[in-house]
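>>> Let me see the structure of the following:
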Amino acid sequence: MLEPIYAETVIVGVIHKKQFQWYVTDRELWYLDYVKFAQAFENEVDSAVNEYIEPERKGIEVLSNENAELFLKRIESYQADTTTLLKLFKDKIESQDEEDVLDFSPSFLVDFDQKTFYSLFPEPASFEEYVPSDWKGTYEDFTALIPKIEKYWVNKDGENLFEL
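The predicted structure follows:
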């Protein structure tokens, strides 16, 4: 598992086949539609797509529910369980570097079942705009949609660690 780094290596919740899983990955993996992303910045789309595409996304220019299984297999090594995330988060809090706490804010929720992409990405990069045409992309606080047992930022006493 990678360590979360503010706006670079991000924490992502994924729902696929009614199963929830956390991942800590490079942020670039979560432009679901690389073709749209490349079109926004380049005239020659094919070369731009190849330039931007991460190895885990080779052959998956548009990430959707149809190819989610292949992609999720490729990023298995980036899976993070709630217990590990909570421990790492507590360690950051104890180090008393408040800026480091921002590393642990979840950035995206990707619901392959409902074809919905939620972003809370903290910097001005609109990931929610680069989703497949039949998906809904939105910038909003999705934390209420996370299953209670998956909320790594809530300790065993029910305290929200972001608020301490």
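>>> burial count for the residue lying closest to N155 once chain neighbours are set aside?
Excluding the flanking residues, the one nearest N155 by Cβ to Cβ, 6 or more residues apart in numbering is L161, at 6.1 Å. Placement of C-beta: from N, CA and C, glycine included. Close neighbours of L161, defined as other Cβ atoms under 10 Å, add up to 17.
>>> Would you agree L161 is in contact with D91?
No: between L161 and D91 there is no contact, the gap being 11.2 Å when judged by Cβ atoms under 8 Å.
>>> hang on, the earlier thing: can you give me the pLDDT of the residue nearest to N155?
With respect to pLDDT, L161 scores 87.
>>> And it, how far from W153?
Taking Cβ to Cβ, to the nearest Å as the measure, L161 and W153 are separated by 5 Å.
>>> Now list whatever residues contact both of these two.
89, 104 (Cβ atoms under 8 Å, 6 or more residues apart in numbering).
>>> Contact partners for the residue nearest to N155?
89-90, 93, 101, 104, 153-155.
>>> what do you get for R57?
Counting by Cβ under 8 Å, 6+ apart, R57 has contacts 29, 34, 63, 71.
>>> Among the residues you listed, which pair sits farthest apart?
Within the contacts of R57, two members stand farthest from each other by Cβ to Cβ: Y34 and F71, at 12.1 Å.
>>> Which one's more surrounded, these two?
Neighbour tally, Y34 and F71, criterion other Cβ under 10 Å: the higher count belongs to Y34, 24 against 19.
>>> so the more buried one makes contact with I53?
Yes: counting by Cβ under 8 Å, Y34 touches I53, with 5.7 Å between them.
>>> residues shared between the contacts of those two?
Counting by Cβ under 8 Å, 6+ apart, the shared contacts of Y34 and I53 are E61.
>>> and L86, how many residues sit next to it?
Neighbours of L86 under the rule other Cβ under 10 Å: 18.
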